[in-house]
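Enquirer: Sharing a model that was predicted from the sequence below.
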Amino acid sequence: MPTRLTPRQILAQLVSFPSVSRDSNLPLIDWVEEYLASHGISAHRHYNDDGDKAALFAHVGPWEEGAVVLSGHTDVVPVDGQPWTDDPFVLTERDGKLYGRGAADMKGFDALSIWALVEAQARGVNRPLQIALSYDEEVGCTGAPPLIEAMQKVLPKGTAAIIGEPSMMKTVTGHKSGRGYWIDVWGHEVHSSILHTGINAIMEAAKIIAWENEVNAEQRAKTPSPIAAMFVPPWTTLHTGLIEGGTAANITAKHCRFDFGFRAVPDETLDDWHVRLMAKVAEVEAEMKAVVPETRIDVTERFSVPGLRPETEGAAEEIIRQVTGDNATHVVSYGTEAGHFQSAGYSAAVCGPGDIAQAHQPDEFITIAQFEAGAAFMDRLVTRLQEV
Ligand SMILES: [Zn+2]
């Protein structure tokens, strides 16, 4: 008999792999694949272009459409510079909490999903269960689209995707969309005493950043739509969190780079917002070129995460509600892979153990109570799949 691990033993294994997004996740994937194989479950891999990361997906139960899909990401954020009490890559129990990088976001759910898949295989289910473990979620959810495409080619299509980002086991049916860019402003250097003959890239960038403040104020002032009203804040936000540029106090800056991001309520499209951004960029660029024609602004998309639109009688929401008994509606303002699943034709909702407030923190933890609530959820889910 192959060894059956408890959810907590699986979590300890997953945490022991330092699968920070910038590094390979293959040791973790190797372990999961071997563990599933030891229980008679054959998993499939989808590699990234560099071949140093892989997503993993698997199917248990009748070979037919209609699976419940458990979706998690395997990557975690770095621990550099964070004051951790213990080794972040060793699962450590203290005061009713399990500490470790990824304990909440979201190896706790990954461990429970792996446990549930093996459980479903052992008990036998009438409705299939699938698992989808991605990479590169923490760098803009860029690993999910290729994973979803790959699994649709190999497995019968699932209908209800449960994305286990930490929600304190509440049913989350909506989140904002997000898109991030690098904006590079290329100016022209002259001595600052004759700045009218140069183009200061920092001061041109400042025009776009000032516009972000104006748009935020305008969005805040308008009456939110019914969907927007579910969110905090109930409007689309524009943000810049990083900026660098310039070489000296008395030289007009040749280059300025800053990040730019939208978080849009689900009934507004990122493409419409993109058009507004590009119109502003064109306006500023025209002013620059009027002085020095060789100057320009480059806009590079870093990531784009579709929003999760609340569904009417969605299959994912329905199965979560059946299992949790939670009939309340919740939305969140952070992006998840749920938007990608929904865009690919799945019903999708977010439900996972732990608190998002713990995500990315030093001494990240999941309470044992939350982890056990997650395990109880999986146990009842497998029971339901046996019954249908
Ligand atoms: Zn996450």
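Expert: Arrived safely. Numbers count the residues shown, from 1 in each chain.

Enquirer: drop to CA atoms for contacts and neighbour counts, all remaining ones
Expert: OK.

Enquirer: Just checking, which helix or strand of the protein averages the lowest pLDDT?
Expert: Taking mean pLDDT, DSSP states H and E as the measure, the helix or strand of the chain with the lowest value is strand 330-332, at a mean of 88.

Enquirer: For that one, name the packing helices and strands.
Expert: Counting contacts by 3 or more CA pairs under 8 Å, 6 or more residues apart in numbering; DSSP states H and E, the secondary-structure elements packed against strand 330-332 are strand 172-175.

Enquirer: Off-centre distance for the strand it packs on?
Expert: Averaging C-alpha positions (CA atoms, centre = their mean, to the nearest Å) puts strand 172-175 13 Å from its chain's average.

Enquirer: CA atoms of it as PDB?
Expert: Once side chains and other backbone atoms are set aside, the C-alpha atoms of strand 172-175 remain, and they are given as PDB (Å, rounded to 0.1, in the frame of the first residue of the first chain):
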ATOM      1  CA  VAL A 172     -16.100  34.800  -3.400                       C
ATOM      2  CA  THR A 173     -17.900  35.300  -6.700                       C
ATOM      3  CA  GLY A 174     -16.400  38.500  -8.000                       C
ATOM      4  CA  HIS A 175     -13.100  40.300  -8.200                       C
END
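
Enquirer: which element follows it toward the C-terminus?
Expert: Moving toward the C-terminus from strand 172-175, the next helix or strand (DSSP states H and E) is strand 177-186.

Enquirer: which is the next helix or strand following that following strand?
Expert: On the C-terminal side of strand 177-186, the closest following helix or strand by DSSP H and E is helix 201-221.

Enquirer: Just name whatever secondary elements the next helix or strand along the chain from that next one is in contact with.
Expert: Going down the chain from helix 201-221, the next helix or strand is strand 237-239, by DSSP H and E. Contacts defined by 3+ CA pairs under 8 Å, 6+ apart place strand 237-239 against helix 201-221, strand 255-264.

Enquirer: partners of the least confident helix or strand of the chain, with directions?
Expert: The partner list of strand 330-332 in its sheet, established with DSSP bridges, is strand 172-175 (parallel).

Enquirer: Need the residues that contact the partner strand.
Expert: For strand 172-175, the surrounding residues in contact (CA atoms under 8 Å, 6 or more residues apart in numbering) are 231, 265-266, 307-311, 317, 329-336, 339, 348-351.

Enquirer: In PyMOL, how would I select the buried members of these?
Expert: In PyMOL, this line selects whichever of these come out buried by 16 or more other CA atoms under 10 Å:
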select buried, resi 231+265+266+307+308+309+310+317+330+331+332+333+335+336+339+348+349+350+351
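
Enquirer: Where does the prediction get shaky in the protein?
Expert: Segments of the chain classed as low confidence (criterion: pLDDT under 70) are 1.

Enquirer: wait, doesn't Cys351 sit right on Ala161?
Expert: No - counting by CA atoms under 8 Å, Ala161 is not a contact partner of Cys351; they are 10.0 Å apart.

Enquirer: the helices in this protein, which residues?
Expert: Counting by DSSP state H, the chain forms helices over residues 7-16, 26-38, 107-123, 144-154, 201-221, 270-291, 315-324, 338-343, 368-387, given from the N-terminal end onward.

Enquirer: Mind putting those into TSV with distance to Asn250?
Expert: Listed next are these as TSV, based on distance: least, CA to CA, whole Å:
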stretch	distance to Asn250
helix 7-16	50
helix 26-38	50
helix 107-123	50
helix 144-154	46
helix 201-221	13
helix 270-291	19
helix 315-324	59
helix 338-343	47
helix 368-387	56
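
Enquirer: quick one: which of the ones you listed is nearest Ile183?
Expert: Across these, the minimum distance to Ile183, taken as CA to CA, is reached by helix 201-221, at 8.4 Å.

Enquirer: just checking, what packs against the closest one?
Expert: Taking 3+ CA pairs under 8 Å, 6+ apart as the contact definition, the neighbouring helices and strands of helix 201-221 are strand 177-186, strand 237-239, strand 255-264, helix 270-291.

Enquirer: mind running it again at 6 Å?
Expert: Secondary-structure packing of helix 201-221 (3 or more CA pairs under 6 Å, 6 or more residues apart in numbering; DSSP states H and E): strand 255-264.

Enquirer: Tell me which strands the strand it packs on pairs with, and in which orientation.
Expert: So strand 255-264, judged by DSSP bridges, has these partners: strand 177-186 (antiparallel), strand 237-239 (antiparallel), strand 243-245 (antiparallel).
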